[in-house]
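# With the sequence up front, the predicted model follows.
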Amino acid sequence: MTSVLQAHELGKRYGKRWALRECTIDIPAGHVVGLVGPNGAGKTTLLKLAAGQLEPTSGGITVLGGRPAAGPAQLARVGFVAQDTPAYAGLTVAEHLRLGARLNPRWDAAMARERIARLGLAPNQRAGKLSGGQRAQLALTLGLAKRPELLILDEPVASLDPLARREFLQSLMEATVEHELSVVLSSHLISDLERICDYLVVLVESRVQIAGETDRLLATHHRLTGPRRAPDRLPAGQHVVCARHTDRQSTYVVRTDAPVHDPAWTVTRLSLEDLVLAYMDKPAAADRRALLEVQR
Ligand SMILES: Nc1ncnc2c1ncn2[C@@H]1O[C@H](COP(=O)(O)OP(=O)(O)OP(=O)(O)O)[C@@H](O)[C@H]1O
């Protein structure tokens with residue numbers, strides 16, 4: 001299957017600070033990819049590199065097999081809605097749609113008009129006079145109507161009310177099925193991601209912690225609870241993601257391809273939110289802390 005986004009040792013540095021480093025991922029086409037991580041983790045940086053709005057400091061990235069924003073053909077294949085949902089303040093909603101039609105070879109005018117009407121946006125309203133949520137809806141409509149092969153969305157639903165969020169996620173899912181659209185979206189709303197994403201990338205402190213199909217990730221991660229035990233006494237195939245200890249009890253989140261048969265552990269499945277939070281719990285530090293705590 002073709003890759004929608006391939007990065008090898010990709011890095012972006014601002015001055016002395018790395019916003020993204022050693023990012024190697026290969027995301028197959030046909031997925032709705034959720035990109036999650038704490039504030040400042042590097043999500044926007046990765047999305048802007050994919051959209052061609054930033055140049056890498058190191059490594060390389062290809063999107064749909066081409067260099068990001070390499071020319072008109074590549075630009076037409078990729079839609080990008082930035083975090084601040086930019087719009088031309090002086091142009092009306094209708095003028096935005098006309099501009100979209102002129103700039104995009106695969107523009108779906110009927111869909112754009114229908115969506116704007118359904119959202120109750122007045123065609124003659126200037127974008128500068130729209131609310132934040134309405135402006136986001138306009139930007140998202142432009143992104144969908146462009147009919148890209150890949151739609152990149154940076155926190156698309158953050159400013160939408162719950163009903164609008166549900167409506168938008170629904171139309172996104174319909175578009176992925178009807179138009180073979182791949183989507184990469186960042187969000188802090190894991191419950192939304194749980195509903196629509198079938199592929200997950202977790203970024204923490206500028207590094208990719210884990211990437212893969214959500215079903216596979218959920219099948220290979222477990223919570224182990226049992227008598228207190230040092231991490232170096234876990235089998236080699238069990239990678240500790242995070243650990244918590246009381247005087248008597250240890251709780252680990254581990255990644256393993258093999259089933260856990262140890263009768264000392266109570267093994268529970270994780271929700272997507274549990275999994276994301278486990279990786280956000282500063283993995284390297286968690287390993288060291290677990291060892292120290294148990295050795296105390
Ligand atoms: N233009 C810039 N100049 C300098 N540093 C920057 C710039 N843009 C981002 N950074 C830094 O790079 C790091 C990653 O930022 P980025 O915006 O990619 O994070 P993020 O995961 O999208 O965060 P959030 O969830 O808060 O939107 C942060 O430490 C940020 O301060």
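Yep, that arrived. Residues are numbered from 1 along each chain as shown.
# Endpoints of stretch 262-270, how far apart?
Across stretch 262-270, the terminal residues are separated by 18 Å (Cα to Cα, to the nearest Å).
# what about it, distance to the chain center?
With Cα atoms, centre = their mean, to the nearest Å as the basis, stretch 262-270 stands 29 Å off its chain's centre.
# can you pull the buried residues of it?
Neighbour counts using 16 or more other Cβ atoms under 10 Å place 265, 270 of stretch 262-270 among the buried residues. Yep, even glycine has a C-beta here, placed from its N, CA and C like the rest.
# repeat for stretch 268-278
Within stretch 268-278, the residues that count as buried by 16+ other Cβ under 10 Å are 270, 272, 275-278.
# residues in contact with that stretch?
36, 190-191, 193-194, 200, 202, 214, 217-218, 221-223, 225, 241-242, 253 (Cβ atoms under 8 Å, 6 or more residues apart in numbering).
# give me that answer again for 10 Å
Contact partners of stretch 268-278, identified using Cβ atoms under 10 Å, 6 or more residues apart in numbering, comprise 34, 36-38, 188, 190-191, 193-195, 197, 200, 202, 204, 209-210, 214, 217-225, 240-243, 251-255, 286.
# Contact residues of the stretch 1-150 of the chain facing the ligand?
Contact residues (Cβ under 6 Å from any ligand atom) of the stretch 1-150 of the chain with the ligand: 14, 19, 37, 39-45.
# I'd like those written out as TSV, with pLDDT added.
As requested, those are exported to TSV (pLDDT from 0 to 100):
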residue	pLDDT
Tyr14	95
Ala19	97
Gly37	94
Asn39	93
Gly40	93
Ala41	94
Gly42	95
Lys43	96
Thr44	96
Thr45	97
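# Out of the residues you listed, which end up buried?
Neighbour-count burial (16+ other Cβ under 10 Å) applied to those gives 19, 37, 41-45.
# circling back: quick check, nearest of the residues of the stretch 1-150 of the chain next to the ligand to Ala70?
Set against Ala70, the nearest of these by Cβ to Cβ is Thr45 (19.5 Å).
# So what does the closest one have for phi and psi?
phi -60, psi -50 (degrees, to the nearest 10).
# circling back: strands - which of the contacts of stretch 268-278 land there?
Among the contacts of stretch 268-278, the residues falling in strands (DSSP state E) are 34, 36, 200, 202, 204, 209-210, 221-225, 240-243, 251-255.
# what residues are up against the residue lying closest to Gln137 once chain neighbours are set aside?
Closest residue to Gln137 apart from its sequence neighbours, by Cβ to Cβ, 6 or more residues apart in numbering: Leu119 at 5.3 Å. For Leu119, the contact set (Cβ under 10 Å, 6+ apart) comprises 93, 133-134, 137-138, 140-141, 164, 167-168.
# In helices, which of those appear?
93, 133-134, 137-138, 140-141, 164, 167-168 (DSSP state H).
# what distance separates the start and the end of stretch 204-219?
Where stretch 204-219 begins and where it ends lie 22 Å apart, using Cα to Cα.
# Tell me the buried residues in that stretch?
Buried-residue list, stretch 204-219, by 16+ other Cβ under 10 Å: 204-211, 213-214, 217-218.
# filter those down to the ones close to the ligand.
For the ligand, no contacts are drawn from the buried residues of stretch 204-219 by Cβ under 6 Å from any ligand atom.
# Max pairwise distance over the residues you listed: which two?
Across the buried residues of stretch 204-219 (Cβ to Cβ), the longest gap, 25.2 Å, separates Ser206 and Leu218.
# So which residues of the protein form strands?
Ranges of strands in the chain, per DSSP E, are 3-14, 17-28, 32-36, 58-63, 78-81, 150-154, 182-186, 199-204, 207-213, 221-227, 239-245, 249-255, 266-269.
# would you put the C-alpha positions of the fifth one in CSV?
Output for strand 78-81, consisting of C-alpha atoms alone and laid out as CSV, is shown next (Å, rounded to 0.1, in the frame of the first residue of the first chain):
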residue,chain,number,x,y,z
VAL,A,78,-2.9,17.9,-0.1
GLY,A,79,-5.3,20.1,2.0
PHE,A,80,-4.0,21.8,5.1
VAL,A,81,-6.1,23.6,7.7
